[in-house]
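# Just the structure for this:
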Amino acid sequence: MTKTIYSKVTGNCRIRNEELDVYGMIAGNVLVASNGVLNLHGMVSGNILVEEGGTVILRGMVTGNVTNSGGKLEIFGMVTGHLHKKAGETKLHKGSVVNP
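Numbering: from 1, shown residues only. Have a look, this model is predicted:
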């Protein structure tokens with residue numbers, strides 16, 4: 001079952017064995033663990049860490065760093081922090097903006 005956030009959530013978030021659609025804002029860090037899926041259309045004002053088996057589809061904006069440590073990461077939106085591709089699959093789509 002997919003959970004959806006339209007408002008602002010303050011604090012760190014861990015996504016595991018579930019799918020989360022974010023149209024609002026998460027003010028904190030996000031960890032996407034095994035079997036976790038984050039569909040980000042809104043904003044994360046913190047860092048995102050994608051662990052092995054996790055998936056992030058980033059269409060919105062992240063003001064912190066994004067690290068892929070073994071999951072699947074697709075970026076259509078914007079990352080104003082740094083992108084760290086340690087392991088897994090990372091794909092930057094046309095029109096995406098990532099801080100060099």
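# CA atoms for contacts and neighbours, from now on please.
Fine.
# For the closest residue to residue 89 other than its chain neighbours, list the residues it contacts.
Sequence neighbours aside, residue 72 is the residue nearest to residue 89 in space, at 4.9 Å (criterion: CA to CA, 6 or more residues apart in numbering). Contacts for residue 72 (CA atoms under 8 Å, 6 or more residues apart in numbering) come out as 50, 53, 54, 55, 56, 88, 89, 90.
# Kindly recompute the last result at 10 Å.
Going by CA atoms under 10 Å, 6 or more residues apart in numbering, residue 72 touches 37, 50-57, 87-91.
# Render the CA-only coordinates of stretch 68-75 in CSV, please.
Output of stretch 68-75 as CSV, limited to C-alpha atoms (Å, rounded to 0.1, in the frame of the first residue of the first chain):
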residue,chain,number,x,y,z
ASN,A,68,23.1,5.9,-3.5
SER,A,69,24.7,3.0,-1.5
GLY,A,70,23.3,0.1,-3.5
GLY,A,71,19.7,0.9,-4.6
LYS,A,72,18.0,2.4,-7.6
LEU,A,73,18.0,6.2,-8.0
GLU,A,74,16.4,8.2,-10.8
ILE,A,75,16.7,11.9,-10.9
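# Show the average pLDDT along it.
Averaged over stretch 68-75, pLDDT sits at 98.
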